[in-house]
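> From the sequence below, what's the structure:
(one chain, ligands or ions: 2)
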Amino acid sequence: MYTDYFFRTYICEKYHSIPGKNSILSSPIEYLKGVGPQRADLLKKEAGIFTFNDLLEYFPFRHIDKTQITDIRDINSGTDYVQVLGKITSIEILGQKSGKRLVASLYDGTGELELVWFQGINWVQKILDLGRKYRAFGKAGFFMNTPQISHPEMEEILEGSPEKGLFLEPVYSTTEKLKARNLGGRQISKLTYTLLKLFSEKDIPENLPDQILAKYHLLNRYKAFRQIHFPASLQEYMEAERRLKFEEIFISQIRLGLKRYKRHTFSKGWIFSKVGDYFIEFFNKNLPFELTDAQKRVLKEIRKDIGSGRQMNRLLQGDVGSGKTIVALMSILIGADNGFQSCFMAPTEILARQHFKSIQSLLGNLPVKVGILTGSTPAKEKKEILKGTASGEIAIVIGTHAIIEDTVIFKNLGLAIVDEQHKFGVAQRAKLWEKNEISPHVLVMTATPIPRTLALTAYGDLDYSIMDEMPPGRQAVTTVHRMDYTRPQVMDFIKDEIRKGRQVYIVYPLIEESAKLDFENLMKGYEEVKAFFPEPQYHISMVHGRQKAAQKQVNMERFIKGDTQIMVSTTVIEVGVNVPNASVMLIESAEKFGLPQLHQLRGRVGRGSDKSYCILMTSVRLSADAKKRLKILCATNDGFQIAEKDLEIRGPGDIEGTRQSGILDFKLANIIGDKKIFEIARNEAENIIDQDPLISSEENLALRSFLLLHKGKNSWSMIS
Ligand code: ADP
Ligand code: MG
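Ligands and ions are numbered 1, 2, ... in the order given. Model prediction:
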């Protein structure tokens, strides 16, 4: 039943004297004056506003400047929205039928302005009085040289009252359905105004520590909410926005930090206590090169984790070709030394096979058994492998997502390595952890770097390692952009490279929506390549998505062995293929690829000591964004820089997988524009967790209460 408003406000008032759950902020939205059950339903459905707090956090997306009063004589053809203040000197009804309108004159001592209404004339007649003072706001125009506003917003200025109402008016997003129920932007603004009047400072308690407020000159929370909705100036708005953005990021970083802390402190992890024969023998006899300092450092970080008795959950970021695989393998060997199995998950079948092969060859005679498990592993072989994983005979299982199927049972899985491809496969990772009673250690490696702010958000609960150094002797890949009318010259250049004994990739785009067209383009391209590079002098491999895994494998192998000089393919080779003798990467229709993809493809060359080239081929007509992408790629080889630029060009919403995973669900903060705030808030959150991990000290009480009240998705039982 609909109980009356007075009663409800009474309840609210009672509520807000009780701290915690029953605060006025959690009152259902229908209790707000002017809402009621029906509009409340709509607010819930259309805008996700369920409580007072939700409305409070329903931020305006812009403000209309009503801070200025303009003199009428200053209005000119360039004037947009104006606000004027004056007396009504005449009111007339003009015209007939559809031309009927009410015209009033407003005089402010500097000039006269016409106010015109075509609709609601009766109502306007009632509210307008000759000789009284009004504030009028609207879009200025001219009619017969007289300035005019049609359908202005009017407000009467009472004699003797202070001239109120000079402010920035908030504009809220709304929907057609809301508007139909009288819940347009202005009505929402009124509700917000009503709401804010209900609150006093204690209803919106501070949640940031005083010392942080002082250090960064942040507004208190109560003020910030008032000012973000109803600022008196732009300055006030910006202060409010900065404070609330900081809070938003800080709280999310505290939550992630608490998750990390919880894992570091309370999780159980297998202890890989010793470095044994496998590792030592591999290190002394099999390691084909000296590790880079970055590789050594990261291995140390990993060793510390896996020896700690807590579960490792680490993100390893390294550029393409920085040598992540060997770090993974050496970690696996420590696991084997301690009697544990490991798995190594790759995003594609080809890559899984590639890892399988290169790990087998790196291991050489070392008695460590490796198995491979993918979607296309034949049933009989699969059975054997499953037997081996269950008995513990197989120490390393490499594969695709097939590894996390329920049928795969490990005797003692100690370490899971995930080679990720910009997919933020959080769910998959989680599944992997649950395999055994004690979760295995997890190392997530990104195929190409992701921007730091994104990493802090998407993987903020993981520990973070970075490999910012390339193996020695690498030469930067020279990247050029060529128009397709220069194809003959490009092909001649490729012939020169092949003559020198090098190999070449030619890659065609793969867009899933138009698989048929892609395939046709690939075939056309293949014919063209064959015409330039005829047998028997030249041999070409081709790999694409329509081939069976075995066929792909054979073609890949021929190229890896050097039996073919040219590999024509779709993006199936995108991640991780390693043929050091390849020195040219020719990318057809390069404008159709995203930056990380292009960078990843380019990373297939420049792996040996030979000078390598990446040629981006496009037609002459290019979009501005495509031009930007290609330019960036030609300018730098640094994957970290490319990741940042990519984020700038595309915006956060477009990065694959981010939307579904909800990791960028910030109301105000923006991982591109607010990079600085991210860094600061992250550091402060880390400091707090270092010093006061249970958030129980005096100065963090405000934060503590807030976290207890807003437990978020990952409630943290340990503090309650
Ligand atoms: P990514 O980080 O892209 O996965 P890989 O692990 O595939 O890179 O390594 C790229 C290439 O660099 C491989 O051929 C690998 O053998 C080689 N490599 C890795 N580490 C070193 C090193 N420290 N010195 C020389 N070559 C290395
Ligand atoms: Mg790799």
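> got the residues of the stretch 251-400 of the chain near ligand 1?
Taking CB under 6 Å from any ligand atom as the contact definition, the stretch 251-400 of the chain meets ligand 1 at Phe289, Leu291, Thr292, Gln295, Gly318, Val320, Gly321, Ser322, Gly323, Lys324, Thr325, Ile326. (C-beta placed from N, C-alpha, C; glycine too.)
> ok, the third one - contacts?
Right, Thr292. Ser322, Gly323, Met467, Glu469, Met470, Pro471, Pro472 (CB atoms under 8 Å, 6 or more residues apart in numbering).
> For the fourth one, give me the pLDDT.
pLDDT for Glu469: 91.
> Helix, strand, or coil at it?
Put simply, Glu469 is coil when judged by DSSP: H, G, I helix; E, B strand; the rest coil.
> Please tell me how far it sits from ligand 1.
9 Å (CB to the nearest ligand atom, to the nearest Å).
> out of everything not next to it in sequence, what's closest to that residue?
Ala294 (3.8 Å; CB to CB, 6 or more residues apart in numbering).
> packing partners for the helix or strand hosting that neighbour?
In this structure, Ala294 sits in helix 293-306 according to DSSP states H and E. Under the contact definition 3 or more CB pairs under 8 Å, 6 or more residues apart in numbering; DSSP states H and E, helix 293-306 sits against strand 313-318, helix 324-337, strand 441-446, strand 463-467.
> between these, which gets nearest to Lys66?
Proximity to Lys66 (CB to CB) singles out strand 463-467 among the helices and strands packed on helix 293-306, at 46.7 Å.
> elements contacting that closest one?
helix 293-306, strand 313-318.
> Return the backbone torsion pair for whichever residue of the stretch 351-500 of the chain sits closest to ligand 1.
Closest contact between the stretch 351-500 of the chain and ligand 1, by CB to the nearest ligand atom, is at Pro471 (3.3 Å). Backbone torsions of Pro471, given as degrees, to the nearest 10, read phi -60, psi 150.
> Please tell me how far it sits from Lys387.
To Lys387, Pro471 is 38 Å away according to CB to CB, to the nearest Å.
> the more surrounded of the two?
For Pro471 versus Lys387, neighbours defined as other CB atoms under 10 Å are more numerous around Pro471 (16 against 13).
> wait, the more buried one sits on Lys324?
No: the pair Pro471 / Lys324 is not scored as a contact, 11.3 Å apart, by CB atoms under 8 Å.
> List the contacts of the closest residue to ligand 1 within the chain.
Among the residues of the chain, Gly323 lies closest to ligand 1, at 2.8 Å counting by CB to the nearest ligand atom. For Gly323, the contact set (CB under 8 Å, 6+ apart) comprises Leu291, Thr292, Gln295, Met467, Met470, Pro471.
> Around ligand 1, pick out the residues from the protein.
So the chain meets ligand 1 at 289, 291-292, 295, 318, 320-326, 471, 576, 578, 580, 607 (CB under 6 Å from any ligand atom).
> Would you map the helices across the stretch 601-720 of the chain?
In the stretch 601-720 of the chain, the helices defined using DSSP state H, counting those that start in this stretch lie at 624-635, 639-650, 658-661, 675-691, 701-709.
> actually the stretch 101-250 of the chain, sorry about that
Under DSSP H, counting those that start in this stretch, the stretch 101-250 of the chain gives helices at 121-127, 176-180, 185-198, 210-215, 221-229, 234-266.
> Mind giving me the packing neighbours of the fifth one?
Packed against helix 221-229, as judged by 3+ CB pairs under 8 Å, 6+ apart, are the following elements: helix 185-198, helix 234-266.
> Give me the angle between the helix holding Ala294 and strand 441-446.
Relative orientation of helix 293-306 versus strand 441-446 (axes from the mean of the first three to the mean of the last three CA atoms, to 10 degrees): 150 degrees.
> Check what contacts helix 293-306 and list those residues.
Contact with helix 293-306 is made by 269-272, 275, 291, 312, 314, 316, 318, 322-323, 326-327, 330-331, 334-335, 415, 441, 443, 463, 465-469, as judged by CB under 8 Å, 6+ apart.
> Please verify my assumption that Ser623 contacts Glu591.
Yes: if you go by CB under 8 Å, Ser623 and Glu591 touch, sitting 7.2 Å apart.
> Of these two, which one has the most company?
Higher neighbour count among Ser623 and Glu591: Glu591, with 20 against 9, using other CB under 10 Å.
> Show me the shaky parts of this protein.
For the chain, residues meeting the criterion pLDDT under 70 lie at 1-22, 159-166, 421-436, 511-514, 572-576, 652-664, 711-720.
> in it, which strand has the most residues?
Counting by DSSP state E, the longest strand found in the chain is strand 81-94.
> Given it, what are its sheet partners and their directions?
Note on strand 81-94: by DSSP bridges, its sheet partners are strand 101-107 (antiparallel), strand 133-143 (antiparallel).
> Out of those strands, flag the one nearest Ile254.
So among those, strand 133-143 is nearest, using CB to CB, at 42.5 Å.
> roughly how far out does that closest one sit from the chain middle?
44 Å (CA atoms, centre = their mean, to the nearest Å).
> Can you show me the CA trace of that strand as CSV?
These are the backbone C-alpha positions of strand 133-143, laid out as CSV (Å, rounded to 0.1, in the frame of the first residue of the first chain):
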residue,chain,number,x,y,z
LYS,A,133,10.8,41.3,-12.5
TYR,A,134,11.8,38.0,-14.1
ARG,A,135,14.8,36.0,-15.0
ALA,A,136,14.5,34.5,-18.4
PHE,A,137,16.8,31.8,-19.9
GLY,A,138,16.9,30.4,-23.3
LYS,A,139,18.4,30.4,-26.8
ALA,A,140,18.7,33.8,-28.2
GLY,A,141,17.6,34.7,-31.7
PHE,A,142,16.6,37.7,-33.7
PHE,A,143,13.2,38.6,-35.2
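> Need the contact partners of it.
Residues contacting strand 133-143 (CB under 8 Å, 6+ apart): 66, 69, 75, 77, 79-88, 106, 113-116, 128, 147-157, 159, 165.
> try it again with 7 Å
The contact list for strand 133-143 (CB atoms under 7 Å, 6 or more residues apart in numbering) reads 66, 75, 77, 79-88, 106, 114-115, 147-149, 151-157, 165.
> Using PyMOL, define a selection of the buried residues within those.
The PyMOL selection below is limited to those of those classed as buried (16 or more other CB atoms under 10 Å):
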select buried, resi 66+75+82+83+84+85+86+87+88+106+114+115+147+148+149+152+154+155+157
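> just to revisit the earlier point, tabulate the helices of the stretch 601-720 of the chain in CSV, adding columns for distance to His599.
Formatted as CSV, the helices of the stretch 601-720 of the chain follow (distance: least, CB to CB, whole Å):
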stretch, distance to His599
helix 624-635, 7
helix 639-650, 5
helix 658-661, 18
helix 675-691, 20
helix 701-709, 39
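> tell me the most buried of these?
helix 639-650 (a mean of 20; mean count of other CB atoms under 10 Å).
> between that helix and strand 463-467, how many degrees?
Going by the same axes, to 10 degrees, helix 639-650 makes 110 degrees with strand 463-467.
> relative to strand 313-318, how tilted is helix 639-650?
Angle between the axes of helix 639-650 and strand 313-318 is 90 degrees (criterion: the same axes, to 10 degrees).
> Can you give the contact residues for helix 639-650?
By CB under 7 Å, 6+ apart, helix 639-650 touches 319-320, 448-451, 454, 595-596, 599, 625, 628-629, 632, 636, 655, 672.
> and if you look at stretch 473-486?
490, 602, 605-606, 609, 611-620, 630, 633-634, 637.
> one step back: what about the strands paired with strand 81-94, which gets the closest to Arg39?
Ranked by CB to CB, the member of the strands paired with strand 81-94 that lies closest to Arg39 is strand 133-143, at 25.8 Å.
> For the stretch 351-500 of the chain, which segments are assigned as helices?
Under DSSP H, counting those that start in this stretch, the stretch 351-500 of the chain gives helices at 379-391, 426-433, 452-458, 487-499.
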